[in-house]
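# Sequence first, then the predicted structure, then my questions.
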Amino acid sequence: MKLKTILILISLILGFAGVKAQSSKELMRKKEALQREIELARKNLDKTTSGKKLTLSQINALKAQIRLRQEKIAVINSEIKNIDSKINENTGKVRDLQLRLSDLKKEYAGMIRFAQRNKNAYDKMMFVFAAKDFNQAYKRIKYLQQFGQYRKKQAAYIQGTQKDLNNQIVVLDKDLKNKSNLLKEQETEKGKLDKNKNEQSVVLNQLTKQEKQYKQDITKRKQQQDAISRQIKIAIDREIAAARKKAEEEERIAAAKAKAENKPAPATTPGKPKTNSDVLRATPEAARLSEAFEANKGSLPAPVANGYITAHYGAYKVDQASGKNDGVTYQTSEDAAARAVFKGKVTTVTPLQGRYIVIISHGEYFTVYYNLKSVSVSKGAEVSTKQTIGIVAMNEGVPELGFQIQRGSVPQNPESWLAR
């Protein structure tokens, strides 16, 4: 029972170590991804600051850089906590191994002293012949043999423990070095964050000098966004109306066929209008696609391979202007490809203000991609996950992509659907 308990404890410890190692790798990957986003934000910020006029894209890029830097510092803090936990654990292991080694050496020293006192072959023979009977003499011979073997095993065990101790000390030294490097990285990032905040203060001071121009830009951006939102609503409403008409026509045909064959009409609820969800899931294929899309909530890929969100979903207020964003805005790299976040069918490709909007149907759901300078898909085309659908256009000197997810005609928060 004791052995079973020990084995269970060892398996739990190993499992816990595996989880911690995985957690450290996840943190490392997250930190590297944040660093790539920070570098991209810095690059985009450099593009916008090359001009004399302050732009909303410049302010968004600066805010994004500060937010990403803060997230990276938080990840470094988590890494340091992980390292501290490992250092405490490995320090305990070193201490236990040192105590075990000390006890083993004491025990071995006692065995050596005993062996020295009884090393004479004559003494060993006398020890055997002094037995009261043959059975006891045999046991004494076996004892002497086993004692010699045990000494050898103890010596090997001491060497193994010493090796384990040396290895554990190496691991502990590595952990301490990693912590030192993380602390230095943390200080560097804090310095860069302070620099970013100083840049933000400069920009805000500049904003007061260009307030009139800036407000005009915000108003213009809001008008553009309203025009895009109207166009998206028209396109999605048109798809819903077409799906409703198709469903009603199929019901009419089914009822006429049943009547001609003297069969009961298909079960429907008289006078009850079908919801958007009903008509968009009317076919088995559409229902399956909707369910597959829902099943991937929280794990959909981003609509750009590299980029960061600068405008979030929901109500916002910029200076004195306020509004509501039905999606998110990504800043990305120049000539970046926009990609489908899930398989589906292209229902809309429409130009607006010199740019393109692409809408893809996923059963009951629609994904919307706008501010594309060119498109590589056409209406009716079937697309796969991560397939390129167009190239992102520049907006105030920065490549920006607008992205929405709608359930029927109801906007969803894309950030709850996309994988980080």
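Ah, there it is.

# Residue 366 is in contact with residue 290, correct?
No: shown here, residue 290 and residue 366 do not form a contact pair, counting by C-beta atoms under 8 Å, at 10.9 Å. (Glycine included, C-beta is placed from N, CA and C.)

# between those two, who's got more neighbours?
Per other C-beta atoms under 10 Å, whichever of residue 290 and residue 366 has more neighbours is residue 366, with 26 against 19.

# so who does that one touch?
By C-beta atoms under 8 Å, 6 or more residues apart in numbering, the contact set of residue 366 is 236, 239, 347, 359-360, 404-406, 408.

# I'd like to know how far residue 327 sits from residue 248.
Separation of residue 327 from residue 248 (C-beta to C-beta, to the nearest Å) stands at 31 Å.

# Just want to know which of these two has more residues nearby.
Applying other C-beta under 10 Å to residue 327 and residue 248 shows that residue 327 carries more neighbours, namely 30 against 13.

# Quick check, pLDDT for the closest residue to that one other than its chain neighbours.
Leaving aside its sequence neighbours, residue 327 sits nearest to residue 404 (C-beta to C-beta, 6 or more residues apart in numbering; 3.3 Å). Looking at residue 404, its pLDDT stands at 96.

# try residue 26
Reading off the confidence values, residue 26 has pLDDT 83.

# Kindly report the same for the one 3 residues further on.
Predicted confidence (pLDDT) for residue 29: 82.

# Can you report how many residues lie near it?
11.

# Please report the distance of it from residue 298.
Residue 29 sits 17 Å away from residue 298 when distances are taken as C-beta to C-beta.

# quick one on the thing from earlier: partners of the host helix or strand of the residue nearest to residue 327 in the sheet?
Here residue 404 is covered by strand 398-407, with elements defined by DSSP states H and E. Partner strands and pairing direction for strand 398-407 (DSSP bridges) are strand 328-332 (antiparallel), strand 365-375 (antiparallel), strand 394-395 (antiparallel), strand 410-412 (antiparallel).

# List the buried residues for that strand?
By 16 or more other C-beta atoms under 10 Å, the buried positions in strand 398-407 come out as 398-407.

# about what we covered before: reformat the strands paired with strand 398-407 as a markdown table; add distance to residue 88 and mean pLDDT.
Shown next, in a markdown table, are the strands paired with strand 398-407 (distance: least, C-beta to C-beta, whole Å; pLDDT from 0 to 100):
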| stretch | distance to residue 88 | mean pLDDT |
| --- | --- | --- |
| strand 328-332 | 41 | 93 |
| strand 365-375 | 47 | 96 |
| strand 394-395 | 50 | 88 |
| strand 410-412 | 44 | 94 |
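
# Tell me which of those sits most buried.
By mean neighbour count, with neighbours taken as mean count of other C-beta atoms under 10 Å, strand 328-332 ranks first of the strands paired with strand 398-407 at a mean of 24.

# Contacts for it next, please.
By C-beta under 8 Å, 6+ apart, strand 328-332 touches 40-41, 44, 57, 60-61, 64, 302-304, 306-313, 392, 398-404, 414-415.

# swap the cut-off to 7 Å and go again
The list of residues contacting strand 328-332 from outside it, by C-beta atoms under 7 Å, 6 or more residues apart in numbering, reads 44, 60-61, 64, 303-304, 306-313, 392, 398-403, 414-415.

# Cross the residues you listed against helices and list the overlap.
Using DSSP state H, the subset of those located in helices is 44, 60-61, 64.

# which of those lies closest to residue 34?
residue 64 (11.2 Å; C-beta to C-beta).

# What distance do you get for the residue nearest to residue 327 to residue 313?
Distance of residue 404 to residue 313, given as C-beta to C-beta: 9 Å.

# Find residues that contact each of those two.
With C-beta under 7 Å, 6+ apart as the test, residue 404 and residue 313 both reach 327, 414.

# coming back round to it: partner residues bridging the residue nearest to residue 327?
With DSSP bridges as the criterion, residue 404 is bridged to residue 368.

# Pretty sure it sits against residue 410.
No: look at residue 404 against residue 410 with C-beta atoms under 7 Å: they stay out of range, at 10.9 Å.

# So for the chain, the centremost residue is which one?
residue 420 (4.4 Å; C-alpha atoms, centre = their mean).

# what's the closest non-adjacent residue to that one?
Closest residue to residue 420 in three dimensions, ignoring its sequence neighbours and counting by C-beta to C-beta, 6+ apart: residue 30, at 7.7 Å.

# Can you report how many residues lie near that neighbour?
17.

# quick one on the thing from earlier: can you tell me which of the strands paired with strand 398-407 comes nearest to residue 85?
Among the strands paired with strand 398-407, the nearest to residue 85 by C-beta to C-beta is strand 328-332 (35.5 Å).

# Would you mind listing where the stretch 101-250 of the chain has pLDDT under the threshold?
For the stretch 101-250 of the chain, applying pLDDT under 70 flags the ranges 108, 111-131, 137-138, 140-141, 143-152, 154-155, 157, 203-216.

# quick one: residue 75 and residue 220, what's the gap?
Taken as C-beta to C-beta, the span from residue 75 to residue 220 is 37 Å.

# So for these two, which sits in the more crowded spot?
The neighbour comparison of residue 75 against residue 220 (other C-beta under 10 Å) goes to residue 75, with 21 against 11.

# how many other residues sit next to residue 187?
The burial count for residue 187: 11, using other C-beta under 10 Å.

# Can you give me the buried ones in stretch 246-260?
Judged by neighbour count (16+ other C-beta under 10 Å), stretch 246-260 contains these buried residues: residue 247.

# Run through the helices of this structure in chain order.
So, for the chain - with DSSP H - the helices run 2-49, 56-117, 121-129, 134-209, 211-260, 276-280, 284-295.

# Farthest pair within the buried residues of strand 398-407?
Largest separation among the buried residues of strand 398-407 by C-beta to C-beta: 398 and 407, giving 30.0 Å.

# between the buried residues of strand 398-407, which is nearest residue 278?
The closest of the buried residues of strand 398-407 to residue 278 turns out to be residue 407 (C-beta to C-beta; 13.0 Å).

# Hmm, that closest one is touching residue 364, no?
Yes: between residue 407 and residue 364 there is a contact under C-beta under 7 Å: 6.1 Å.

# Next, count neighbours for the closest residue to residue 239 other than its chain neighbours.
In space, and not counting its chain neighbours, residue 239 is closest to residue 347: 5.1 Å by C-beta to C-beta, 6+ apart. Per other C-beta under 10 Å, the neighbour tally for residue 347 reads 19.

# No further queries at this time; thank you.
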